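1. Dropping a prediction and its sequence here:
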Amino acid sequence: MIPFNKPYLSGKEIHLISEAVLSGKISGNGKYTQLCQNYFKEKYGFHKCLLTSSCTDALEMAAILIDIQLGDEVIIPSYTFVSTANAFVLRGAKIVFADSTSNNPNIDVYALEALITHKTKAIVPVHYAGIACNMDAIIQLADKYKLYVVEDAAQAIDSFYTGKDGIKKPLGGIGHLAAFSFHETKNIISGEGGMLVVNDPQFAKRAEIIWEKGTNRSAFFRGEVDKYGWVDVGSSFLPSEIVAAFLWAQLENLENIQNKRKVIWNQYWEGLLPLQEKGWIQLPHIPEYATNNAHLFYVVCKNLQQRTGLLEHLKKENIYAVFHYLSLHKSPFYNNKHDGRELMNSDFYSDTLVRLPMYYELEKNDVDRIVKSIDAFFGIKINVKN
């Protein structure tokens, strides 16, 4: 069986975890937490970074920071993971779902303005597969209507957006706030884990307080106050040093991991391109303003029946591929809360998108085998390059 995912290990995770344990400091916000947070600040120029126990936690912190209240409206794509919505629902927000584009699962920016009302508080673009949304258009709308932008960059580590000004910006570094994931299916992992990025300085101080259970504990340990207490709402969002040590072992190998994943991604692209040229499938579309961080490789089938058949075929060939999100506007929890608009593209991807195996240890012969199996399903001969 070729699995869908296999967590990458650099070889130093156990050693660094042992160091953290033997240091006597294994609760959060220690040496390895600081190393990881400083890494992102220095490499990508983020204003402030706070490791969290998950990307979900980071999104929940963002919802608190922008002061989401009962009745506020938050615009998100329907084609996303439930955490994108839940973080704001927990604060009382009404979710207004946007459709995807016709050539990419990302949010359709040209349909956003019609969704904005006097109750709208934020737009939450999701950079699906690590491919940038059209951030110039989103920021322009946010500025016009005085909205917050929270980037769901769960899949977008080490990916970039080039705006109309020609400046290349890291995803997660454009909105007021951003959330990353280090779940075991991501490029860089810590099992579970995430990070809140604060780009707007007005949120920096309060973010740290919310992160530390609503206390000014971090300021106390820096010697900025002589005692600490409860000063705001918050929760226990920070991970342990064990998680941070694991993550640091990964970050030390970021370039190597990214290079290997891009080789695998390009092999898929070259192998499956003939099927796209013959009109059988659609391959990932990467706009000219976006880079590719090789987070995942997907193909889009023509319809649900074809997708179901392909997944069953691959399973018989001992290849574990999966579909991805189901449109949230049709979910059992939110179906009767949705305003009734049809979101055709989101539903189309829900019915047709297939994620292929993607992980560091996937070898060339494995990818060849997967490509040939897909070729066999469609009954078209593809010459896989040796």
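-> Looks like it came in fine.
2. which element is Met195 on?
-> Assigned by DSSP states H and E, Met195 belongs to strand 194-198.
3. For that strand, which outside residues touch it?
-> Applying C-beta atoms under 8 Å, 6 or more residues apart in numbering, the external contacts of strand 194-198 come out as 36-37, 40, 46-58, 61-62, 65, 151, 153-154, 172-173, 177-183, 204, 207, 211, 237. C-beta: built from backbone N, CA, C; applies to glycine.
4. tell me which residues in that strand are buried?
-> Of the residues in strand 194-198, 194-198 count as buried by neighbour count, 16 or more other C-beta atoms under 10 Å.
5. all strands of the stretch 151-300 of the chain, in order?
-> Using DSSP state E, counting those that start in this stretch, the strands assigned to the stretch 151-300 of the chain run over residues 160-162, 168-170, 177-181, 194-198, 298-300.
6. again, but for the stretch 1-150 of the chain
-> 48-52, 73-77, 94-98, 120-123, 148-152.
7. which helices and strands sit right next to the last one?
-> For strand 148-152, the contact count by 3 or more C-beta pairs under 8 Å, 6 or more residues apart in numbering; DSSP states H and E identifies helix 55-65, strand 120-123, helix 135-145, strand 177-181 as packing neighbours.
8. neighbouring contacts of the first one?
-> For helix 55-65, the external contacting residues (C-beta under 8 Å, 6+ apart) are 50, 52, 83-84, 86-88, 90-91, 93, 150, 152, 154, 177-183, 194-196, 198, 203, 206-207, 210-211, 233-235, 237.
9. ok and it relative to strand 148-152, angle-wise?
-> Using axes from the mean of the first three to the mean of the last three C-alpha atoms, to 10 degrees, the inter-axis angle of helix 55-65 relative to strand 148-152 is 170 degrees.
10. quick one, helix 55-65 and strand 177-181 angle?
-> For helix 55-65 against strand 177-181, the angle by the same axes, to 10 degrees is 170 degrees.
11. Kindly report the same for the third one.
-> An angle of 140 degrees separates the directions of helix 135-145 and strand 177-181 when computed by the same axes, to 10 degrees.
12. Need the single longest helix in this structure, by residues.
-> Assignment by DSSP state H gives helix 254-277 as the longest helix of the chain.
13. Show me what it packs onto, helices and strands only.
-> Using 3+ C-beta pairs under 8 Å, 6+ apart: helix 254-277 touches helix 364-378.
14. Just the endpoints, please. Distance across stretch 20-40?
-> Length of stretch 20-40, first residue to last, C-alpha to C-alpha, to the nearest Å: 20 Å.
15. buried sites along it?
-> For stretch 20-40, burial by neighbour count (16+ other C-beta under 10 Å) applies to 20, 26, 28-33, 35-37, 39-40.
16. ok, which pair from the buried residues of strand 194-198 is furthest apart?
-> Pairwise distances across the buried residues of strand 194-198 peak at 13.7 Å for Gly194 and Val198 (criterion: C-beta to C-beta).
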